[in-house]
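J.: my questions concern the predicted model and sequence given below.
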Amino acid sequence: MTWDVLSIIGTIAFAVSGAIVAMEEEYDILGVYILGIVTAFGGGAIRNLLIGVPISALWEQSVLFQIALFAMTTVFLFPQRLLKHWRKWGNLTDAIGLGAFAIQGALYASEMGHPVSAVVVAAVLTGSGGGIVRDLLAGRKPLVLREEIYAAWAILAGLAIGFGVVTSSVGYFTLFAFVVLFRVLSYTYKWKLPNKPVRFSDRSL
Amino acid sequence: MTWDVLSIIGTIAFAVSGAIVAMEEEYDILGVYILGIVTAFGGGAIRNLLIGVPISALWEQSVLFQIALFAMTTVFLFPQRLLKHWRKWGNLTDAIGLGAFAIQGALYASEMGHPVSAVVVAAVLTGSGGGIVRDLLAGRKPLVLREEIYAAWAILAGLAIGFGVVTSSVGYFTLFAFVVLFRVLSYTYKWKLPNKPVRFSDRSL
Amino acid sequence: MTWDVLSIIGTIAFAVSGAIVAMEEEYDILGVYILGIVTAFGGGAIRNLLIGVPISALWEQSVLFQIALFAMTTVFLFPQRLLKHWRKWGNLTDAIGLGAFAIQGALYASEMGHPVSAVVVAAVLTGSGGGIVRDLLAGRKPLVLREEIYAAWAILAGLAIGFGVVTSSVGYFTLFAFVVLFRVLSYTYKWKLPNKPVRFSDRSL
């Protein structure tokens, strides 16, 4: 039950995030729906592909699909000045989506008996894959790959589940709270992972 | 028989469209072939993936594959001043491809017993997925997502088939004519769906 | 045995190539790992998808996965002035990766009884698909599609295997040496395939 609630919140958060990127890029209402759907369901689709679950299992989620459509329509109809406040709580719902989807993805892969590396990849892709596809379709570099810490928390969740550190319902929800909290902290305090830019005279690699 | 003819025209139209985008981007002849193939077959590949048909079913279409190769070679060898006239009828063949592929895609998904949402997605992806991958590989924002009305006609075709409004051969061809006509009208009269651009001070979403 | 060595060299070369592109794009260390993994394993994943092998077969390659992680970590920790010399031998290892992966991919598809067209596509995608996804995630136009000759050698390898011209171990290794040699020659002497840029007054295709 609680788990379903988390899935719903995550789906709404990701659908809204895709819809807003589409509006920023001046896509029309259909582009808004497509980008929102891709963001909300793309990560799960890629994960299913990589861990061997039929992608068509997506079609059993028709309630989530309708909820996403409703959320995107609401955002599109929202007065623009209210949308500007979206970011205040958008950060939090997005973090909830990341946490819920990363843990779901890791559990999927883990229950199928995949090795830890697959569990981690499933956590990362379910949590952030939709956002990567969203950014590609919007003609942007995937921000997940270079901005403040995002996928790292999904990786930690994947490791905790893959190595069997967390095995109970209580553990999963503690892990979920941990991911949400640290994602919010990363965003708020602009935590960064190390990077090391390289410049070559030509770029013909 | 007539259906095969439509598939062939659609494949040619999409292969040529991909080849021309590649030439606009100054890709070499191999890039021209790759982009043409991706545009002609990419939508069907993504649809197969999402509705649970093995993608390898693509390899049974070797006649279509050879036709696409022939069409792209012809375009590449065409005198450039004739190519400029391509747009005159390119608009029509592209619309034919959209109609034929959207209806094919919807029928595929429908015959497999998927729900309406899957039928609509199959129609949209088969009709426009190839063009989206084409634009991504050419480093462009997918025009389907924001220019004049394109995917909307595929959605209507998907709804008509998904809800069982159209069930006979005659009905499918009427629907096909409808999609082609309205796609041509959308293009000719620059019909637009509503959009609602949003600007935030930062783009760190 | 020798074949395993080639796979390892190819994996290292591609992982390092992805890591360096990520560093050029100022991605953080996690972006470096993700781009390296995608480059090393993405081509094989796309190939599995298209020829009907479960993508989850990727997870059986955990040794290659660990080798790739080690290679990327080494590159990230390397002093920047040494990295500049990477290109000297990077060209060669990348060619080795192309040759090894193209031939592997073609053999996979051939052993499954697919037609020649599928064998060629498998050779191209295994050899260059990872680099295409790498470039998309880095916000670049895929260089494979337009720079000096690259995928063409994978196509020739695919044709040689698909048409049964090469059928023995000795033959495969000769083919491998041929691909590596001609890829190095293409790069060194800036061989180009013909291209034919087209300009239209508008770009609304």
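T.: Perfect, I can see it now. Numbers count the residues shown, from 1 in each chain, chains lettered A, B, ... in the order given.
J.: from here on, just use CA atoms for contacts and neighbour counts.
T.: Fine.
J.: near chain B, which residues of chain A?
T.: The interface of chain A toward chain B, taken as Cα under 8 Å from any Cα of the partner chain, is made up of A:17, A:20-21, A:23-31, A:34, A:54-56, A:59, A:62, A:76, A:80, A:84, A:136-139, A:143.
J.: kindly list the longest helix within chain A.
T.: helix A:86-111 (DSSP state H).
J.: what's the average pLDDT for the strand or helix carrying A:Gly127?
T.: If you go by DSSP states H and E, A:Gly127 is part of helix A:116-137. When the per-residue pLDDT values of helix A:116-137 are averaged, the result is 87.
J.: now find how far off-centre the next helix or strand after it is within its chain.
T.: Downstream of helix A:116-137, the first helix or strand assigned by DSSP H and E is helix A:151-162. Centroid displacement of helix A:151-162 relative to its chain, using Cα atoms, centre = their mean, to the nearest Å, is 13 Å.
J.: and stretch A:110-126, by the same measure?
T.: Averaged C-alpha coordinates place stretch A:110-126 at 15 Å from its chain's average position (Cα atoms, centre = their mean).
J.: also stretch A:61-74?
T.: Taking the mean C-alpha point of stretch A:61-74 and that of its whole chain, the gap between them comes to 16 Å (Cα atoms, centre = their mean).
J.: go on, stretch A:137-154?
T.: For stretch A:137-154 - counting by Cα atoms, centre = their mean - the centre lies 10 Å from the chain centre.
J.: hmm, A:Asn48 is touching A:Ser56, no?
T.: No. With contacts defined as Cα atoms under 8 Å, A:Asn48 does not count as touching A:Ser56, sitting 9.0 Å away.
J.: on that earlier part again, so the longest helix of chain A versus helix A:151-162, what angle?
T.: Between helix A:86-111 and helix A:151-162, the angle comes out at 30 degrees (axes from the mean of the first three to the mean of the last three Cα atoms, to 10 degrees).
J.: for helix A:86-111, name the packing helices and strands.
T.: Here helix A:86-111 is seen to pack against helix A:2-24, helix A:29-51, helix A:116-137, helix A:151-162, helix A:169-188 when contacts are counted using 3 or more Cα pairs under 8 Å, 6 or more residues apart in numbering or on different chains; DSSP states H and E.
J.: as JSON lines, those with mean neighbour count and distance to chain C would be great.
T.: What follows is the helices and strands packed on helix A:86-111, written out as JSON lines (neighbours: other Cα atoms under 10 Å in any protein chain shown; distance: least, Cα to the nearest Cα, whole Å):
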{"stretch": "helix A:2-24", "mean neighbour count": "23", "distance to chain C": "17"}
{"stretch": "helix A:29-51", "mean neighbour count": "25", "distance to chain C": "5"}
{"stretch": "helix A:116-137", "mean neighbour count": "27", "distance to chain C": "6"}
{"stretch": "helix A:151-162", "mean neighbour count": "24", "distance to chain C": "7"}
{"stretch": "helix A:169-188", "mean neighbour count": "18", "distance to chain C": "14"}
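J.: least reliable of these going by mean pLDDT?
T.: Between the helices and strands packed on helix A:86-111, the lowest average pLDDT goes to helix A:2-24, which shows a mean of 81.
J.: which residues touch that one?
T.: Residues outside helix A:2-24 that contact it (Cα atoms under 8 Å, 6 or more residues apart in numbering or on different chains) are A:28, A:31-33, A:35-41, A:64, A:67-68, A:71-72, A:75-76, A:90, A:93-94, A:96-98, A:100-101, A:130-131, A:134, A:138, B:195-200, B:205.
J.: could you rerun that using 6 Å?
T.: By Cα atoms under 6 Å, 6 or more residues apart in numbering or on different chains, the surrounding residues in contact with helix A:2-24 are A:32, A:35-37, A:39-40, A:68, A:72, A:93-94, A:96-97, A:100, B:196-199.
J.: and for stretch A:183-192?
T.: Here stretch A:183-192 makes contact (Cα under 6 Å, 6+ apart) with A:Ala95, A:Glu148, A:Ile149.
J.: ok, the first one - contacts?
T.: In other words, A:Ala95. Neighbouring residues of A:Ala95 by Cα under 6 Å, 6+ apart: A:Val180, A:Arg183.
J.: ok, 8 Å please
T.: When contacts are counted by Cα under 8 Å, 6+ apart, A:Ala95 is found next to A:Val179, A:Val180, A:Leu181, A:Arg183, A:Val184.
J.: can you tell me the element the nearest residue to A:Tyr172 once chain neighbours are set aside falls in?
T.: Setting aside the residues directly before and after it, A:Tyr172 is nearest to A:Val166 in space (Cα to Cα, 6 or more residues apart in numbering or on different chains), at 6.5 Å. Assigned by DSSP H and E, A:Val166 belongs to no helix or strand.
J.: so A:Val166 touches A:Leu159, yeah?
T.: No. Counting by Cα under 8 Å, no contact exists between A:Val166 and A:Leu159, whose distance comes to 9.4 Å.
J.: chain center to stretch A:4-15: distance?
T.: On the basis of Cα atoms, centre = their mean, the separation between the geometric centre of stretch A:4-15 and that of its chain is 10 Å.
J.: pull the CA atoms of it into CSV?
T.: Extracted in CSV, the C-alpha atoms of stretch A:4-15 (Å, rounded to 0.1, in the frame of the first residue of the first chain):
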residue,chain,number,x,y,z
ASP,A,4,2.1,2.0,-4.2
VAL,A,5,1.8,5.5,-2.8
LEU,A,6,5.5,6.0,-3.4
SER,A,7,5.2,4.8,-6.9
ILE,A,8,2.4,7.2,-7.6
ILE,A,9,4.3,10.1,-6.1
GLY,A,10,7.3,9.2,-8.1
THR,A,11,5.3,8.8,-11.3
ILE,A,12,3.7,12.2,-10.8
ALA,A,13,7.0,13.9,-10.0
PHE,A,14,8.7,12.5,-13.1
ALA,A,15,5.8,13.1,-15.4
